[in-house]
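In: my questions concern the predicted model and sequence given below.
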Amino acid sequence: MSSENELGPLVRRWGLPVKQLPSETAGQDELTPFVASILKEALPFIDAAAPKTPSTDTKKLWKSKGSKSSPDSTAKVEVIERVIPVKELQAVAIKNGIKSKIEEETWAARLSVHEDAATKGTASWDEFDHSFRLEHAKTEMAFTPNVIAANEAQRWDCTGIELEEAGLSWDRFSLVVEEMRHKVGRPILKDRTFPVLQLSCAVKEGTSAPEIVIVSIPVPDFATSPKANLSKEKGAQIAYYASIERIRKLEDGKIEWLLGTASDAAGVLPLWIQDLALPGIIWKDVPLFLGWIAKERTKTGAAAASEPAADSAEAETEQAPEVTTGVTTEPTAAVSEGATAEETKAKEAAPEESKTEATAEGAEGSTKA
């Protein structure tokens with residue numbers, strides 16, 4: 001394995017314990033090397049899934065699982081998979097002094113290319129940037145039916161951090177701990193709570209083509225932190241996912257959207273069943289998001305048509321895409337929502353869920369975007 005494809009210890013399904021997170025009052029001196037280490041590990045790993053420069057070496061790592069299509073997306077979604085053997089992960093753990101249960105790590109990734117336009121079936125660059133770099137948790141809860149609660153538990157001030165990595169200049173860093181609760185098979189299976197450290201950043205404007213990256217790393221013992229909310233609720237079933245998301249503008253002006261993830265819903269759900277289901281589930285986030293953003297445009301347009309014209313400064317502000325959910329992104333109490341229309345329909349159609357159906361739903365609920 002070449003050095004650029006060498007596995008790292010940070011962006012792994014085993015996650016980072018609370019004691020390895022930056023201190024609550026961390027400044028630039030502490031935060032810069034921390035975020036740099038995550039970015040240095042995440043970029044080559046996800047780049048190997050869809051290399052910017054074709055490489056025969058990386059093609060061996062990720063295997064095609066076919067493509068999917070949906071009426072809500074004008075672009076097809078390619079699905080690929082990478083299985084990391086226990087032996088390779090054990091070597092990483094030993095090298096970095098990590099004492100954790102080591103299991104084979106299955107990563108599934110989806111890749112799609114979209115027109116840069118605020119029209120049905122696709123989205124503009126500003127909509128992608130706002131939804132995933134600036135409002136990731138709000139957006140995820142808004143378009144993902146299985147997400148039923150979210151809480152930003154902790155945030156660090158990354159103002160002024162700039163880095164050079166993978167031949168690019170990065171800035172606009174954000175570092176938070178998010179707690180999200182997913183329903184995975186009610187009433188047989190308990191909801192799952194995913195506490196993750198989430199890093200986002202963007203290529204510095206004017207230095208190269210626009211690109212944003214979002215990295216999520218499990219914090220398995222976050223319930224022990226005084227900042228925890230959803231994670232420390234009575235009976236909470238903690239689950240884990242690591243993910244890397246890369247959204248960038250291509251030379252032809254189109255937008256490439258790539259996301260890879262490895263997850264474990266824990267509890268009674270066998271990991272091998274989850275891993276088998278993952279490639280058939282991960283692609284669904286693309287049409288879910290594009291269908292949701294299309295409806296948001298309709299809402300925004302209707303609201304604008306019913307309001308008097310604003311002055312030029314206000315009009316410019318209103319042009320930015322907005323996310324409408326009840327989720328708070330400030331460190332505060334968790335926000336929970338009642339059953340969605342989809343949930344209500346499901347309950348009416350199938351009031352008695354078999355264990356097999358619950359297991360399948362659980363595997364789907366464990367997939368994080």
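Out: Okay, I see it. Values in this document were obtained by computation on a predicted structure and should not be read as measured data.
In: for residue 233, what are phi and psi?
Out: phi -70, psi 150 (degrees, to the nearest 10).
In: which helix or strand contains the spatially closest residue to it that is not a sequence neighbour?
Out: Counting by Cβ to Cβ, 6 or more residues apart in numbering, residue 233 lies nearest to residue 193, which is 7.5 Å off, once chain neighbours are set aside. All C-beta spots, glycine's among them, are computed from the backbone N, C-alpha and C. Using DSSP states H and E, residue 193 sits within strand 192-203.
In: the closest residue to residue 225 other than its chain neighbours: what's it in contact with?
Out: Ranked by Cβ to Cβ, 6+ apart and with sequence neighbours excluded, the top spatial neighbour of residue 225 is residue 18, at 5.0 Å. If a contact means Cβ atoms under 8 Å, 6 or more residues apart in numbering, then residue 18 has 219, 221-222, 224-225 as its contacts.
In: would you check that residue 153 makes contact with residue 225?
Out: Yes. Counting by Cβ atoms under 8 Å, residue 225 is a contact partner of residue 153 at 7.4 Å.
In: related to what we said a few turns ago, tell me the mean pLDDT for the helix or strand following the strand holding residue 193?
Out: Proceeding N to C from strand 192-203, the next assigned helix or strand is strand 211-218, under DSSP H and E. Averaging pLDDT along strand 211-218 yields 98.
In: need the next SSE after strand 211-218, C-terminal direction.
Out: Immediately after strand 211-218, counting by DSSP H and E, sits strand 237-238.
In: buried ones in the helix ranked longest in the chain?
Out: Using DSSP state H, we find that the single longest helix of the chain is helix 285-306. Across helix 285-306, burial judged by 16 or more other Cβ atoms under 10 Å covers 285-294, 296-297, 300.
In: between those residues, which is closest to residue 42?
Out: residue 285 (18.7 Å; Cβ to Cβ).
In: how many neighbours does the residue nearest to residue 69 when sequence neighbours are not counted have?
Out: Leaving aside its chain neighbours, residue 69 sits nearest to residue 76 (5.0 Å; criterion: Cβ to Cβ, 6+ apart). If you count neighbours by other Cβ atoms under 10 Å, residue 76 ends up with 15.
In: and residue 76, that's in a strand?
Out: Yes. With DSSP: H, G, I helix; E, B strand; the rest coil as the criterion, residue 76 is located in a strand.
In: CA-only coordinates of the lengthiest strand in the chain in CSV, if you can.
Out: Longest strand of the chain, by residue count under DSSP state E: strand 168-182. C-alpha atoms of strand 168-182 as CSV (Å, rounded to 0.1, in the frame of the first residue of the first chain):
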residue,chain,number,x,y,z
LEU,A,168,-4.8,23.0,-1.6
SER,A,169,-5.3,26.0,0.8
TRP,A,170,-8.1,25.4,3.3
ASP,A,171,-10.0,27.8,5.5
ARG,A,172,-13.5,28.5,7.0
PHE,A,173,-13.0,25.6,9.5
SER,A,174,-15.8,24.5,11.9
LEU,A,175,-15.4,21.9,14.6
VAL,A,176,-18.4,20.7,16.7
VAL,A,177,-19.8,17.7,18.5
GLU,A,178,-23.2,16.7,17.2
GLU,A,179,-25.6,14.3,18.8
MET,A,180,-28.3,12.8,16.5
ARG,A,181,-31.0,10.3,17.2
HIS,A,182,-32.2,7.9,14.5
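In: so which elements touch it?
Out: helix 28-47, helix 136-143, strand 147-156, strand 163-165, strand 192-203, strand 211-218 (3 or more Cβ pairs under 8 Å, 6 or more residues apart in numbering; DSSP states H and E).
In: any buried residues in that strand, and which?
Out: Here strand 168-182 shows 168, 170, 172-182 as buried, counting by 16+ other Cβ under 10 Å.
In: distance from the chain centre to it, please.
Out: 10 Å (Cα atoms, centre = their mean, to the nearest Å).
In: what of stretch 39-57?
Out: The answer for stretch 39-57 is 18 Å, by Cα atoms, centre = their mean.
In: again, but for stretch 86-93
Out: 24 Å.
In: what does that stretch contact?
Out: 7-9, 12, 14, 98-100, 102-105.
In: narrow these to those that are buried.
Out: 7-9, 12, 14, 98, 102, 104-105.
In: okay if I get these as TSV plus secondary structure?
Out: What follows is the buried ones among the contacts of stretch 86-93, written out as TSV (three-state DSSP):
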residue	secondary structure
7	coil
8	coil
9	coil
12	coil
14	coil
98	coil
102	coil
104	coil
105	strand
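In: and those, which is closest to residue 38?
Out: Proximity of the buried ones among the contacts of stretch 86-93 to residue 38 was ranked by Cβ to Cβ; the top entry is residue 8 with 8.8 Å.
In: so what's the closest residue to that closest one other than its chain neighbours up against?
Out: The shortest distance from residue 8 to any non-neighbouring residue, by Cβ to Cβ, 6+ apart, is to residue 41 (3.4 Å). Contact analysis of residue 41 by Cβ under 8 Å, 6+ apart lists 8-11.
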